[in-house]
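Student: everything below, folded, please.
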Amino acid sequence: MRPRDVIKNGHENFVVERFVLWLNGRTGRNYEVVGMPEPLDALKIAG
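Tutor: Numbers count the residues shown, from 1 in each chain. Presented below is the predicted three-dimensional model:
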């Protein structure tokens, strides 16, 4: 894996994790990410 890919994947994972935490806090639900396609055009969230 190229160094840029490591940084890109880490950033995408962080942003998705923060979004799900925000969404859970906002809705009172317990959503979780069950898949992230490449390229990251959509999220598959179960909840």
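Student: wasn't Pro37 part of a strand?
Tutor: No: the assignment for Pro37, made by DSSP: H, G, I helix; E, B strand; the rest coil, is coil rather than a strand.
Student: quick one: neighbours of it, just the number.
Tutor: The tally of other residues near Pro37 (other Cβ atoms under 10 Å) stands at 9. (Each C-beta comes from the backbone N, C-alpha and C, glycine too.)
Student: so what's it up against?
Tutor: Neighbouring residues of Pro37 by Cβ atoms under 8 Å, 6 or more residues apart in numbering: Lys44.
Student: center of the protein - which residue?
Tutor: Taking Cα atoms, centre = their mean, the centroid of the chain lies closest to Val16, which sits 2.5 Å from it.
Student: so where is this protein shaky, pLDDT-wise?
Tutor: Applying pLDDT under 70 to the chain picks out residues 47.
Student: so which strand or helix has the residue nearest to the centre of the chain?
Tutor: Here Val16 sits within helix 3-27, counting by DSSP states H and E.
Student: and that helix, what's buried?
Tutor: Residues of helix 3-27 classed as buried by neighbour count (16 or more other Cβ atoms under 10 Å): Val20.
Student: gap between the residue nearest to the centre of the chain and Val34?
Tutor: 12 Å (Cβ to Cβ, to the nearest Å).
Student: re the thing from before, which residues touch the helix holding Val16?
Tutor: Arg29, Asn30, Tyr31, Glu32, Val33, Met36, Leu40, Leu43, Ile45.
Student: what is the distance between it and the centre of its chain?
Tutor: Taking the mean of its C-alpha atoms, helix 3-27 sits 4 Å from the chain's own mean (Cα atoms, centre = their mean, to the nearest Å).
Student: please apply the same query to stretch 34-47.
Tutor: The mean C-alpha position of stretch 34-47 is separated from the chain mean by 7 Å, Cα atoms, centre = their mean.
Student: now it - C-alpha only, CSV.
Tutor: These are the backbone C-alpha positions of stretch 34-47, laid out as CSV (Å, rounded to 0.1, in the frame of the first residue of the first chain):
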residue,chain,number,x,y,z
VAL,A,34,-21.2,-2.6,8.2
GLY,A,35,-19.3,-1.8,5.0
MET,A,36,-17.4,0.9,3.2
PRO,A,37,-17.0,0.5,-0.6
GLU,A,38,-14.0,1.7,-2.5
PRO,A,39,-14.2,4.4,-3.7
LEU,A,40,-16.1,5.7,-0.7
ASP,A,41,-19.3,6.9,-2.5
ALA,A,42,-21.8,5.6,0.1
LEU,A,43,-21.9,4.0,3.5
LYS,A,44,-23.8,0.8,4.5
ILE,A,45,-25.1,1.4,8.0
ALA,A,46,-27.1,-1.0,10.1
GLY,A,47,-29.2,0.2,13.0
